[in-house]
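1. attaching a predicted model along with its sequence, questions to come.
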Amino acid sequence: MLNRKHLLRASTATVALLGVTGLSACSAAKTDASSGGSDTVTIAVPSWVGAEANAAVAKYILENELDTEVKLTQLDESVAFDALNSGKADALLEDWGGAPKKVELYVEDKKSVVEGGDLGVTGHIGWFVPKYLVDEHPDIADYKNLNKYAGLFKTAESGDKGQLLEGSPSYTTNDDAIIKNLKLDLKTVYAGSEAAQITQIRESYKAGKPFISYWWTPQWLNSQLDLVEVELPAYEEGCDSDPAKVACGYAETPLQKYLSADFAENNEKAAEFLKNFKWTNEQQNEVAALIADKKMSSEKAAEQWAKDNEDVWKAWLPKS
C-alpha cells in the first residue's frame with residue numbers, strides 16, 4: 001500500500017450543503033436478522049463535494065432500489081475510521097489515504113473495518129497556475145523557476161514572499177515542507193474553506209491576475225478554468241514518509257472505500273451494493289457540479305444523475 005499519510009483531501013462542501021446528521025450514541029446500523037439487511041445505513045461523508053456526490057448517489061439508489069434508509073454524517077477521514085470501528089458508521093466511500101495508521105489498526109490488526117474496493121476515482125493534489133500566466137511566462141510551470149516569479153504572487157497576507165493559496169488550515173498538506181526544502185520564496189496562505197478558495201481563484205482568474213494554488217483532481221471547477229499544474233519533483237514511494245523532509249510532489253491516489261466489518265457481514269445486500277459502487281472522475285464531477293455550481297440539493301442532483309445513468313448504476317445492484 002502506498003504511504004499517503006499526508007494526502008488528506010482538501011475540503012469542499014459545507015455542513016449546510018451536505019445536510020448530514022450527527023452520529024448517535026447507538027450503533028449506526030440496526031441489523032434485521034430476518035432480512036439480512038438493516039433498517040438504516042450510515043455513510044460517513046468527508047467535507048468536500050466529491051465525497052458528497054458519492055454519498056448522495058449511493059443514498060438515492062439504496063433508498064429507492066433496495067428499500068434501505070440511509071443517514072449521512074459529516075466526518076473527516078481519520079474520525080470516520082474510528083466511527084467504522086465502533087459501529088457508529090457503516091461506510092466511508094472516499095478515502096484519500098490520509099489515515100494510514102488507522103487503516104493498519106482497524107483493517108489489518110483489529111479487522112473491525114474491511115476494504116470496500118476502489119471507488120474508481122483517481123485523486124491527485126498539486127500546485128496550479130492559470131494557463132494565461134504560462135502563456136506569458138512559459139517556464140513558470142517548473143518549480144525551479146518559481147523564485148524568479150515569486151513577486152507576481154505577493155499579497156498583503158504573504159508579505160515579501162509569493163502567496164501559495166490553500167483551503168483550510170485544518171487540512172493536512174505537505175506544502176510548507178515542500179516550500180522549505182525546495183528553498184522557494186513562497187508562503188502558504190489559507191482561504192479558510194474550499195468555497196472561499198474557489199471564490200478567490202475565480203476572482204483572480206476573471207481579472208487575469210497571477211496566482212498559484214494548492215489544488216486537486218477530480219474537481220468540477222477544472223472544467224470551467226484552464227489551469228496548468230506546476231512541475232514539482234516527481235513523487236516516489238516513501239518521499240513523503242518524513243513530514244519535515246518532504247521535497248516531492250503528490251502521488252496519484254486511487255480512492256478507496258471502507259466498510260464496518262459488522263455491517264459488511266450482517267447487511268449483505270447493502271454492503272454488496274456499496275462494494276460494487278464504482279464510477280469515474282467525470283461522473284463524480286458531473287454530480288458535484290450540480291451541487292456546488294448549480295446550487296442543486298444533493299438529493300435532486302443524485303436523482304437527476306440516476307435517471308440519466310440507469311445503465312451505470314444498475315450494474316452496482318446486488319445480483320441476488
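-> All right, it came through fine. Numbering: from 1, shown residues only.
2. now stretch 212-227: buried residues?
-> For stretch 212-227, a neighbour-count test (16 or more other CB atoms under 10 Å) marks 212-221, 225, 227 as buried. Glycine gets a C-beta too; all of them are placed from N, C-alpha and C.
3. any idea of the mean pLDDT in it?
-> Average pLDDT, stretch 212-227: 95.
4. how far does it stretch from start to finish?
-> 10 Å (CA to CA, to the nearest Å).
5. that older thread, can you list the buried residues of stretch 212-227 in a markdown table and add secondary structure?
-> Converted to a markdown table, those look like this (DSSP: H, G, I helix; E, B strand; the rest coil):
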| residue | secondary structure |
| --- | --- |
| Ile212 | strand |
| Ser213 | strand |
| Tyr214 | strand |
| Trp215 | strand |
| Trp216 | strand |
| Thr217 | strand |
| Pro218 | coil |
| Gln219 | coil |
| Trp220 | helix |
| Leu221 | helix |
| Leu225 | coil |
| Leu227 | strand |
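6. a markdown table for the residues you listed, including distance to Asp242?
-> Converted to a markdown table, the buried residues of stretch 212-227 look like this (distance: CB to CB, whole Å):
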| residue | distance to Asp242 |
| --- | --- |
| Ile212 | 25 |
| Ser213 | 25 |
| Tyr214 | 20 |
| Trp215 | 24 |
| Trp216 | 23 |
| Thr217 | 26 |
| Pro218 | 29 |
| Gln219 | 28 |
| Trp220 | 34 |
| Leu221 | 32 |
| Leu225 | 34 |
| Leu227 | 30 |
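7. of all those, which comes closest to Thr199?
-> Using CB to CB, Leu221 is the member of the buried residues of stretch 212-227 that lies nearest Thr199, at 10.8 Å.
8. surely the closest one touches Gln197?
-> No. Using CB atoms under 8 Å as the test, Leu221 is too far from Gln197 to be in contact (9.8 Å).
9. hang on, the earlier thing: now, which of the buried residues of stretch 212-227 sits nearest Tyr258?
-> Nearest to Tyr258 among the buried residues of stretch 212-227, with distances taken as CB to CB, is Pro218, at 19.4 Å.
10. Thr173 - that's part of a helix, no?
-> No. Per three-state DSSP, Thr173 lies outside any helix segment and is coil.
11. I figured it hits Trp216, correct?
-> No. Assessed by CB under 8 Å, Thr173 is found out of contact with Trp216, at 10.2 Å.
12. buried residues in stretch 140-148?
-> 140-141, 143, 146.
13. what's the end-to-end length of that stretch?
-> Start-to-end, stretch 140-148 (CA to CA) is 8 Å.
14. related to what we said a few turns ago, now the buried residues of stretch 140-148 in TSV, with secondary structure?
-> Formatted as TSV, the buried residues of stretch 140-148 follow (three-state DSSP):
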residue	secondary structure
Ile140	helix
Ala141	helix
Tyr143	helix
Leu146	helix
